[in-house]
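**Student:** no sequence on this one, just coordinates:
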């Protein structure tokens, strides 16, 4: 039996931890806001730790899931942080949508204490976490991925080894950057068509049977934009962070990526206009305002 | 029985005309290069006309399919051109991937002679033409679309009325602009990942199970880029023309469309670098050269 | 003595016409809103014509100055329009910041009646018109430019023959597109510096002694942005129109111009955000809002 | 008398060191390639140190001038590096066009040893170094700037305190990013005009009397592009680095800067196309190739 801990009970962390708790009785959890962890313990058979160090003690695998790599770094380094409690030989699996540079820094610090680190961001959203069908993109040592694979299968449908530490972060960020590019460019195209007298529904019907289709045109626009529902499933502020990471990866690798860079700036502008709580799909509203029209 | 004519036996025109000839015996064809029409008449039961006017005489429906709207305009206005031969009450269905402004001009000119005009570009490529499953996007009068629908069904799986004259052109162009955006942005992302140590195949495997997927990532990259096959199915020069039309529609409508405009310029740059005969997917090679890497 | 007429007494047209009237007694003027022309006639020795045709009759040179080439075209073609009154052998000098395609169309129409046409947009603003130091960029026949040169010298310090009809429009539009690029990019840079703790005044002091300086950094930012005065001298809506024309020239010539195209879309976005009456320098405020900071 | 050392005798470092040596007899120099330092000692009255530590020992002020901040960091940390030799109370003035993050890291490391650090990039080029009229942009403590001001006046015409450590780097990078934006956008505009039939000389004559002028249009194009001379004064590879730093500053500050980001990618593309030895003005040649024309 693997002793495991889970740190970070946010929107997606909670259902992941719940599946993990079901598969691995004895899971220990920690959350910055203690009340969230206590509430979670009412629903799942887990022990609530008082500090990251407390959670880490005795664990063979510690899964972390926060908003940014900087948050993870803080949890590692804080007083009674992860670094204090981790046993030599343990593995930290960081499911944060992080940035490669910080992940490499964390990996180095933990490595010096004999602890392995994987950056392991997930895709599939809250629904994928609930159903245990997340895709996990792992960066780090291949053997370490194999070691934690059985445990991750509690919430993952697909576990992919992408490369060295940071590779998972890079891939997740670039996937999300493509989402941002598709979302914004489809909004641009539909806004122009609507102003030219073509109904958005007709346009999407044709595009989705043609070469211009994407996940954005097939799912997000019909379900969220044309209905004007814009449900809050993934914050624009987090997508902005991810596209910024992707743009940083391209720059670090000296790869000109003008469309991704432009999408990164448009997302930051949309975040400034729409605020921290807006859903990512609401970025479409900035394009609509510029176009003085509604996509419908 | 509808008397019909087909003008423009290019790569996609030929299989369209063949299906039309099968469904409508007595089809008359014309092609600028006569030899192409004669060769076609060996395979299909058609009559070869000596001029556009000759082809148009007595036809209730004339289908045209050229590289640009300017070509169509020339065929209408030339000596012994379409305008000379068309009967009052006839319909011209222009399957060219055209531009709205020129289509409106042609429609006005033909309208003055009592001839209806539909801009009716198609998507689905040569394969769709061969199998009769093209999507046809019609701009013009709704009743006219209904009148020609039975005839178009010879090669179309889906016939959509998009709006007034020019609406079909606009929608086709914007679909293709999205294709261009997806193609180039996916190339940017994959090039950055490859340089960061992630194999393109692994990256695509994850992206295609995630939110960043598009027709480009699901079909073009696995089948054409990773295999380094780059088959010539649709010329970059033609895609460049289409993205330019889409960019023009956005400008005409005063809709800021920064990603589409940038993709338009990148495609024109790629065309300058790769030449008139390159396939559209080869635009990826410009990104690869900038990144000093190959996507694989 | 040249018989001359001046049509279009807008913000810049008025001081141009006044200088012309001083140099050429007997000037005839026309303005769409008659009251403006009547008021002008109180201050300058001119005759107010009742229609463009009336103004044109007997004139050897007709100077026009409107917001767009479409306005000029309307004044040519309307009932009792210019075309009706112009004598064979007359010259129309159009000082509108126009677009080359419309100018070519007007030139062709007038040419058929034996009337020469020059597109002749001016730079130097209201101040340059008042002091008679405008730069005039002429497109059309070189001999025609020489013929009207003495007359134009009433308001021009520099008269340049740029090329065929449309060349003046193209050059004016591209000059203004560069202004837009410089204005926006300097705003981007200064906003980033201000957030990084560098005062805008210090930054401009250094930039204006270095390689990054431009007319925008040397004049507009110190005098209009840092003072928060944003005087209304040239409407953002008109600059947006000009940058759009420049972007269209690049597209028509198949010249990738990604920075100019992007500036065109940013200006259109700024116009949607800031309204039709905003001054062009106020585009800086959109960048400030995105940056959540003020440049000072 | 201030004891001073100068490290980094590159293209611009050499004339700076020479002026310093004239004003401060006893200057000690060090260069990675020893032969360059020895050759320099033939022309100037200096002592050549065998290591950075050797150079630093006893110096009150050490001026460094390398290609990148990473180079400076290496010289600080290497065996017998700067850190080993610096006395408590000394000041390091780094004239490298560096990046703020690395400068802050170096400042922190030196600060721990009681050594002050200023990032102090210069503008004015080799000519400005020779004539002693460089502009120096200092980031760090204001009192420290005053302490070294008399010494820097040996090569500087203007010494500006910009803000905290990193502020000098940020300002230098953004100045150079504006240069890159102006260079590329002016190339775009002129290429479009040349294709539209306007001679580049005529266009520049008008632009330089109008609102679209910049240092690029007033100096670089007339002297270097129209003459086809493209002298090698400042490597494209270094400008690419600087624009990348500026783009990074904007991202770090969460300031959307779409024009600067695009210019950064275009410069990286130009560097890939034109190579490490090309001059920065040669970036114009990429635009010319895309436009299939020469600017003249």
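**Tutor:** Received, thanks. If you're wondering where the values come from, they're calculated on a predicted model, not measured in any experiment.
**Student:** Tell me the secondary structure at the nearest residue to residue A:84 once chain neighbours are set aside.
**Tutor:** Spatial nearest neighbour of residue A:84, chain neighbours left out: residue A:53 (3.9 Å); criterion: CB to CB, 6 or more residues apart in numbering or on different chains. All C-beta spots, glycine's among them, are computed from the backbone N, C-alpha and C. Assigned by DSSP: H, G, I helix; E, B strand; the rest coil, the conformation of residue A:53 is helix.
**Student:** Could you tell me which residues make contact with residue A:126?
**Tutor:** Neighbour list for residue A:126: A:11, A:12, A:15, A:233 [criterion: CB atoms under 8 Å, 6 or more residues apart in numbering or on different chains].
**Student:** Got phi/psi on it?
**Tutor:** phi -60, psi -40 (degrees, to the nearest 10).
**Student:** any idea which element the residue nearest to residue A:121 when sequence neighbours are not counted lies in?
**Tutor:** Excluding its sequence neighbours, the residue lying closest to residue A:121 (CB to CB, 6+ apart) is residue A:172, at 3.8 Å. Here residue A:172, judged by DSSP states H and E, is contained in helix A:167-195.
**Student:** which residue ranges form the helices in the stretch 151-296 of chain A?
**Tutor:** In the stretch 151-296 of chain A, the segments counted as helices under DSSP state H, counting those that start in this stretch are A:167-195, A:200-207, A:215, A:236-252, A:258-274, A:283-291.
**Student:** next one: the fourth one to chain centre, how far?
**Tutor:** Meaning helix A:236-252. Relative to the centre of its chain, helix A:236-252 is centred 12 Å away, using CA atoms, centre = their mean, to the nearest Å.
**Student:** now stretch A:216-230
**Tutor:** 21 Å.
**Student:** Please name the bridge partners of the closest residue to residue A:140 other than its chain neighbours.
**Tutor:** Leaving aside its chain neighbours, residue A:140 sits nearest to residue A:118 (3.9 Å; criterion: CB to CB, 6+ apart). On the basis of DSSP bridges, residue A:118 is bridged to residue A:93.
**Student:** ok, now which ones touch the residue lying closest to residue A:142 once chain neighbours are set aside?
**Tutor:** Leaving out its chain neighbours, the residue that sits closest to residue A:142 by CB to CB, 6+ apart is residue A:161, at 5.3 Å. Counting by CB under 8 Å, 6+ apart, residue A:161 touches A:138, A:142, A:145, B:202.
**Student:** And the third one, which helix or strand is it part of?
**Tutor:** In this structure, residue A:145 sits in helix A:142-152 according to DSSP H and E.
**Student:** Against which helices or strands is that helix packed?
**Tutor:** Counting contacts by 3 or more CB pairs under 8 Å, 6 or more residues apart in numbering or on different chains; DSSP states H and E, helix A:142-152 is packed against strand A:91-94, strand A:116-119, strand A:156-163.
**Student:** list the helices and strands the second one packs on?
**Tutor:** With contacts defined as 3+ CB pairs under 8 Å, 6+ apart, the packing partners of strand A:116-119 are strand A:91-94, helix A:100-111, strand A:134-139, helix A:142-152, helix A:167-195.
**Student:** how much space between the residue nearest to residue A:121 and residue A:147?
**Tutor:** Distance from residue A:172 to residue A:147, counting by CB to CB, to the nearest Å: 21 Å.
**Student:** who's more crowded, these two?
**Tutor:** Neighbour tally, residue A:172 and residue A:147, criterion other CB atoms under 10 Å in any protein chain shown: the higher count belongs to residue A:172, 31 against 17.
**Student:** quick one: that one and residue A:97 touch, right?
**Tutor:** Yes. Shown here, residue A:172 and residue A:97 form a contact pair, counting by CB atoms under 8 Å, at 5.3 Å.
**Student:** Near chain B, which residues of the stretch 51-200 of chain A? Just list them.
**Tutor:** A:100, A:123-124, A:135, A:137, A:158, A:160-164, A:166-167, A:170-171, A:174-179, A:181-182, A:184-186, A:188-193, A:195-199 (CB under 8 Å from any CB of the partner chain).
**Student:** Narrow the residues you listed to those that are buried.
**Tutor:** Buried members of those, counted by 16 or more other CB atoms under 10 Å in any protein chain shown: A:100, A:123-124, A:135, A:137, A:158, A:160-164, A:166-167, A:170-171, A:174-179, A:181-182, A:184-186, A:188-193, A:195-196, A:198-199.
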